[in-house]
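[1] I'd like to go over a predicted model; first the sequence, then the structure.
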Amino acid sequence: MSEGHIVAEGTKDELIQSVENEITYTFEFDDLDNYSEKNIADINGVIKSEFVDNKLSVTCEKSKNTLNLMISKFLKDNLTFKNMSSKEASLETVFLDITGRSLRD
């Protein structure tokens, strides 16, 4: 439910399965001032990306090839990340995907 409207229905497992094929990688860089989300938007499998400070979060299809393509793109663009983490689907991920807002908004 979002703003009084039903936006999705199902059990917890059914809702998580709806985004089960997605994973979010977060890359931390020293400097991203001259880098744009458009630089990775055209990579096959990338669904969305977002910059926050010097971190780039990329939601993509679960595929080792997508991760390899992103890392190759960073190397080609002379970017070196100092940390990377991954997060698979959860109820919070489903909520954010459906409403565009986090649980705290």
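    Nice, thanks for sending it over.
[2] Checking the residue most central in space within the chain next. Helix, strand or coil?
    In the chain, the C-alpha closest to the average C-alpha coordinate belongs to residue 59, at a distance of 2.1 Å (Cα atoms, centre = their mean). Under DSSP: H, G, I helix; E, B strand; the rest coil, the three-state class of residue 59 is strand.
[3] Next one: it relative to residue 30, how far apart?
    Residue 59 sits 23 Å away from residue 30, taking Cβ to Cβ, to the nearest Å as the criterion. (C-beta placed from N, C-alpha, C; glycine too.)
[4] Could you report the distance from the nearest residue in space to residue 32 that is not next to it in sequence to residue 82?
    In space, residue 32 comes closest to residue 54 once its chain neighbours are excluded; the distance is 5.3 Å by Cβ to Cβ, 6 or more residues apart in numbering. As judged by Cβ to Cβ, residue 54 and residue 82 stand 9 Å apart.
[5] Overlap in contacts, these two.
    Common neighbours of residue 54 and residue 82, counting by Cβ atoms under 8 Å, 6 or more residues apart in numbering, are 28-30.
[6] Walking through this structure, point out its helices one by one.
    Assigned helices in the chain, in chain order: 12-17, 38-41, 64-76, 91-99 (criterion: DSSP state H).
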